[in-house]
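Engineer: following is a predicted model, sequence given first.
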Amino acid sequence: VQSGIKPKLSSLNSPPTVNTLTKQLYFYLRTCDTICIGREDDRISRLPDEVLVEILSSLSLKESACTSVLSSRWTNLWKHTTRLYLDMDGGSSSWGKTKHFKFRPVLMRRNTSCKYVRWVDRVLESHKCIVLKEFAICSYLGLQHEEPITRWLEYAFARQVRSLELNLEPCYDDPMYGLPRDLLVAEGSQFKSIEALNFKD
Amino acid sequence: MAAETGTPTTLTLKSNDDELFSVAESAAILSVTIRNMVEDGCAGGVIPLDNVDGKTLASVITYMNGISAIPADEEKKKSYRDKFLSDKDFETLADMVLAANYLNMSCLMDAVSAKIAQVMEKKSVGWVRRKFGIENDYTPEEEAAVKEEHKWTFEGVETDDDN
């Protein structure tokens, strides 16, 4: 059995419902390194963890988290996705669809930014990925939120992030967040190239 | 990678149901699994691919040849991938995603994963369960607890009706 995500066995321990018995039989299938359990016609749930995580990584955060309700097989898979696109809509954008976040012309209140900070902290707290392919922070944040932003960047760098998008727009008179020098020149820093760098007045 | 000899090298791949396929080394090394074998000098004879059946391997080789014939142009490669996957049903996609994972072909893996994910996009939990035949093995209490835990993720997704 592969390490990392443990296969779910609860479906076997619970007595099958009448519905189950009339419709399907359970069966075990052992592939090279993963024990897969599920109904014979439930092909998707029998895919190995790393493949399902790849599939979920193409969905928005919200949608991948929604799959936890499908069945016990899916409870924790979304926590291992390799792309995190954290936008103001609470992770509604999926990677590749909304490559560049557009700021809506709305009057932002400071408490919205605080709510966003709490939300991102919560996502990162429940998320368990070891390596991040892509990470995006898109919000109305500025120097006022230096501490959490730097903390998120450290989180991403600790997971060898390959692509990083930091899309910030401070509200009111809050100055722009600046990338801390320590982070850029730290030993083992992953910065290889910067694709776009925009400064706004 | 055949630059040393100047002539294109051909590899022979064998599926788990004993079908043999010839493929140009330059196309086959899109698979990191195969590339490692080539670099380790283990690709002299027939390369056995124990986790891929003939039907899937034929399809993967079509992809390898197609994508490697396109010069470095990400837009053209993307449209080739979209076209290549457009007529594949879920069973075929599931076979391909397993093969791409085993062969360590990130570009195919990403494309097939995205294609499968597309089916779930903007769909309710009930719809996805029915579509894929996923049995809800939660007790009502367990399901309520999982929903409660993920409450913040459910806004903005369509309600539970067939479409």
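Structural biologist: Cool, got the structure.
Engineer: every contact and neighbour count from this point should use C-alpha atoms.
Structural biologist: Will do.
Engineer: pretty sure B:Phe21 contacts B:Thr10?
Structural biologist: No. Judged on C-alpha atoms under 8 Å, B:Phe21 makes no contact with B:Thr10 at a distance of 9.9 Å.
Engineer: surely B:Lys76 and B:Ile70 touch.
Structural biologist: Yes. Contact criterion C-alpha under 8 Å: B:Lys76 and B:Ile70 qualify, at 7.3 Å.
Engineer: up against chain B, what does chain A have?
Structural biologist: Counting by C-alpha under 8 Å from any C-alpha of the partner chain, the residues of chain A close to chain B are A:11, A:39, A:41-45, A:47, A:51, A:54-56, A:58-59, A:61-63, A:65-72, A:75, A:90, A:92.
Engineer: please enumerate the helices of chain A.
Structural biologist: A:10-13, A:18-23, A:49-56, A:61-66, A:110-126, A:146-158, A:181-185 (DSSP state H).
Engineer: put the alpha carbons of the third one into PDB.
Structural biologist: Listed in PDB are the C-alpha atoms of helix A:49-56, where the atom choice follows Å, rounded to 0.1, in the frame of the first residue of the first chain:
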ATOM      1  CA  ASP A  49      -5.100   8.300  -5.100                       C
ATOM      2  CA  GLU A  50      -2.400  10.200  -7.000                       C
ATOM      3  CA  VAL A  51      -4.500  10.100 -10.200                       C
ATOM      4  CA  LEU A  52      -7.700  11.300  -8.400                       C
ATOM      5  CA  VAL A  53      -5.600  14.100  -6.800                       C
ATOM      6  CA  GLU A  54      -4.400  15.100 -10.300                       C
ATOM      7  CA  ILE A  55      -8.000  15.200 -11.600                       C
ATOM      8  CA  LEU A  56      -9.100  17.300  -8.600                       C
END
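Engineer: which secondary structure elements does it contact?
Structural biologist: Of the remaining helices and strands, those touching helix A:49-56 by 3 or more C-alpha pairs under 8 Å, 6 or more residues apart in numbering or on different chains; DSSP states H and E are helix B:90-103, helix B:106-120.
Engineer: roughly how far is stretch B:27-35 from the heart of the chain?
Structural biologist: 14 Å (C-alpha atoms, centre = their mean, to the nearest Å).
Engineer: what residues are up against B:Val23?
Structural biologist: For B:Val23, the contact set (C-alpha atoms under 8 Å, 6 or more residues apart in numbering or on different chains) comprises B:Thr10, B:Leu11, B:Thr12, B:Leu13, B:Ile61, B:Asn65.
Engineer: for it, give the beta-bridge partners.
Structural biologist: B:Leu11 (DSSP bridges).
Engineer: tell me how far it lies from chain A.
Structural biologist: 26 Å (C-alpha to the nearest C-alpha, to the nearest Å).
Engineer: give me the pLDDT value at the closest residue to B:Asn101 other than its chain neighbours.
Structural biologist: In space, and not counting its chain neighbours, B:Asn101 is closest to B:Met109: 6.4 Å by C-alpha to C-alpha, 6 or more residues apart in numbering or on different chains. Here, the pLDDT recorded for B:Met109 equals 96.
Engineer: can I assume B:Met109 is in contact with B:Leu103?
Structural biologist: No. Using C-alpha under 8 Å, B:Met109 is not in contact with B:Leu103; the gap is 9.5 Å.
Engineer: show me the domain layout of chain B.
Structural biologist: Chain B breaks down by automatic domain parsing into domains covering B:10-120, B:123-158.
Engineer: which parts of chain A are strands?
Structural biologist: Along chain A, counting by DSSP state E, strands occupy A:26-30, A:35-39, A:83-86, A:134-139, A:163-168.
Engineer: which stretch in the ones you listed has the least confidence?
Structural biologist: Among these, strand A:26-30 has the lowest mean pLDDT, at a mean of 34.
Engineer: dump the domains of chain B into a markdown table; add distance to A:Leu124 as well.
Structural biologist: Below are the domains of chain B laid out as a markdown table (distance: least, C-alpha to C-alpha, whole Å):
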| stretch | distance to A:Leu124 |
| --- | --- |
| domain B:10-120 | 22 |
| domain B:123-158 | 14 |
